[in-house]
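Trainee: Got a sequence here, can you model it:
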Amino acid sequence: MRMYTTLFFLIMFMIGTDTFLISPMLPTLQVQFGVPTDIAGWMLGAYTLGSAVFALIAGPLSDGWNRRTVLLSGLLGFSVSTILCGFADSFWTMCLFRLLAGVSAAFTAPQVWASIPAVIPAAKVSKTMGIAFAGLAASQALGVPIGSWLAASHWSVPFWTIGIASLLLAAISFFSLPDMKPSVDKGGRISILRRYTPLVTSSKAMGAFAAYLLLHLGSGTAFAFVGKWMADSYGLPIEQIGTVMVFLGGGTLLGSAFSAYAMRKLGQFYTVTAGMTVVMGLYIILPRLPGLTSVTAVYLIIFMTLGILFPIIMGLLTSLNASLRGTISSLANSTMNGANTLGAWLAGLLYAQFGGYSSLCLFAAISLLLSLGTFLMSGALGNKAARRGQEPESAS
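Mentor: The predicted model follows:
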């Protein structure tokens, strides 16, 4: 069982590293391909666009397939397309290969979550889920900075490294994972659209997903150009940007470790409302801070707070309908990546034409304010009196 746990951790670590790698490398790639600031963010957005669109169909479709085959196919495609990114000779070929990597990731990541209950004993499923999620958090704390340091030798090296490592993981998965063929009644198959019907017809679910989109839109827009801001404002080379990213990713990792504790002590309602309020305030003061040390410290607190919030909010979403957890997970993944795609495009536009990084931080604060308001109006956070130890009522 330990082998499966390690394998799932490493797969999510590679996907997470590849997802966020472009941000610190953006100044280097912008110069390499000679593109203006207002469209440079599409090198990040292409990946999240592919993942957002195909996540909507990958999860429901794979419910009727052998999960081992889907995971292997997605991981192989992810490996090859990431390696090809290192051979991109223009902005548009880079965007194409990033798009393909995102599509492949959309088929790979959901299979990790779905495969855990199939190969891990029930008593250890929750722990394994937490370890797999830690792979994503660790990718920000370690994977992205390591990628930035590798890029100091040549911008292609991080892509080749991630691609080859993922190829090795695909080979290990081929020899170690068993077949996972879901038992589906012949006549009991449900169309993709019908799986989403209970969510679309629930005002509570729609409000919760709208709030989730706004949360990722704000945080994703601010994160997309943090590397470029540090290069422009503080003259940091790519390897030093990678060092700063250690603190950002470390904050996410630390926050995720304390998420369950915060939930027990404060409850869902107060943890989410207090956490989002703190992040809003920090985004407003961030561009006005006097030096890199204070900026890094504040960003550490921001990412630590988001690390606390995201697992709680993901649990909130999956509790909306217990019979549709797989579909909800795919929709949440699509919502997150759709928000990050839009955020990458908006970040370039705002940074280039509306006052640099200050406009991104103001946009992030407004998005989080709207997100919190939407959560409260939808009723998804529950009420204050029943805030502890109770799961939200399912959407039906």
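Trainee: Sticking with the nearest residue to Tyr357 once chain neighbours are set aside, tell me its helix or strand.
Mentor: Residue nearest to Tyr357 in three dimensions, not counting chain neighbours: Trp229, with 4.2 Å by C-beta to C-beta, 6 or more residues apart in numbering. Yep, even glycine has a C-beta here, placed from its N, CA and C like the rest. Element membership for Trp229, per DSSP states H and E: helix 226-234.
Trainee: tell me which residues in that helix are buried?
Mentor: The neighbour-count check on helix 226-234 (16 or more other C-beta atoms under 10 Å) flags Val226, Gly227, Lys228, Trp229, Met230, Ala231 as buried.
Trainee: How about stretch 344-361?
Mentor: So, applying 16+ other C-beta under 10 Å, buried residues of stretch 344-361: 344-352, 356-361.
Trainee: Of those residues, just say which sits nearest to Ile308.
Mentor: Cys361 (20.2 Å; C-beta to C-beta).
Trainee: quick one: the helices in the stretch 251-396 of the chain?
Mentor: For the stretch 251-396 of the chain, the helices defined by DSSP state H, counting those that start in this stretch occupy 292-318, 325-353, 357-378.
Trainee: next one: the stretch 51-200 of the chain
Mentor: Using DSSP H, counting those that start in this stretch, helices in the stretch 51-200 of the chain cover 67-85, 91-119, 125-138, 144-151, 157-176, 192-200.
Trainee: Tabulate the buried residues of helix 226-234 (CSV), appending distance to Met94.
Mentor: Converted to CSV, the buried residues of helix 226-234 look like this (distance: C-beta to C-beta, whole Å):
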residue, distance to Met94
Val226, 20
Gly227, 16
Lys228, 16
Trp229, 21
Met230, 22
Ala231, 19
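Trainee: right, and the pair among the residues you listed with maximum separation?
Mentor: The widest separation within these (C-beta to C-beta) is 9.8 Å, between Val226 and Ala231.
Trainee: coming back round to it: now tell me what touches the helix holding Trp229 from outside.
Mentor: With C-beta atoms under 8 Å, 6 or more residues apart in numbering as the test, helix 226-234 has contacts from 23-27, 30, 37, 40, 236-238, 241, 244-245, 248, 292, 295, 299, 351, 356-357, 360.
Trainee: and the angle for it with helix 144-151?
Mentor: Angle, helix 226-234 to helix 144-151, by axes from the mean of the first three to the mean of the last three C-alpha atoms, to 10 degrees: 70 degrees.
Trainee: if we can go back for a sec, gap between the residue nearest to Tyr357 and Leu289?
Mentor: 12 Å (C-beta to C-beta, to the nearest Å).
Trainee: got it, and Ile312?
Mentor: 28 Å.
Trainee: Any regions of the stretch 1-150 of the chain where pLDDT drops low?
Mentor: 1, 59-64, 117, 125-127, 129-130, 140-141, 144 (pLDDT under 70).
Trainee: what's the answer for the stretch 251-396 of the chain, then?
Mentor: If you take pLDDT under 70 as the line, the stretch 251-396 of the chain has these spans: 322-326, 383-396.
Trainee: If we use 90, what do you get?
Mentor: 251-268, 287-293, 295-296, 299, 303, 306-356, 378-396 (pLDDT under 90).
Trainee: Dihedrals phi and psi, Pro178?
Mentor: Backbone torsions of Pro178, given as degrees, to the nearest 10, read phi -80, psi 170.
Trainee: Same question for Leu381.
Mentor: phi -80, psi -10.
Trainee: What about it, how many residues nearby?
Mentor: The number of residues packed near Leu381 is 24, by other C-beta atoms under 10 Å.
Trainee: May I have the residues that are in contact with Leu376?
Mentor: Thr273.
Trainee: Would you quantify the distance from it to Ile313?
Mentor: Distance from Leu376 to Ile313, by C-beta to C-beta: 13 Å.
Trainee: likewise Thr93?
Mentor: 36 Å.
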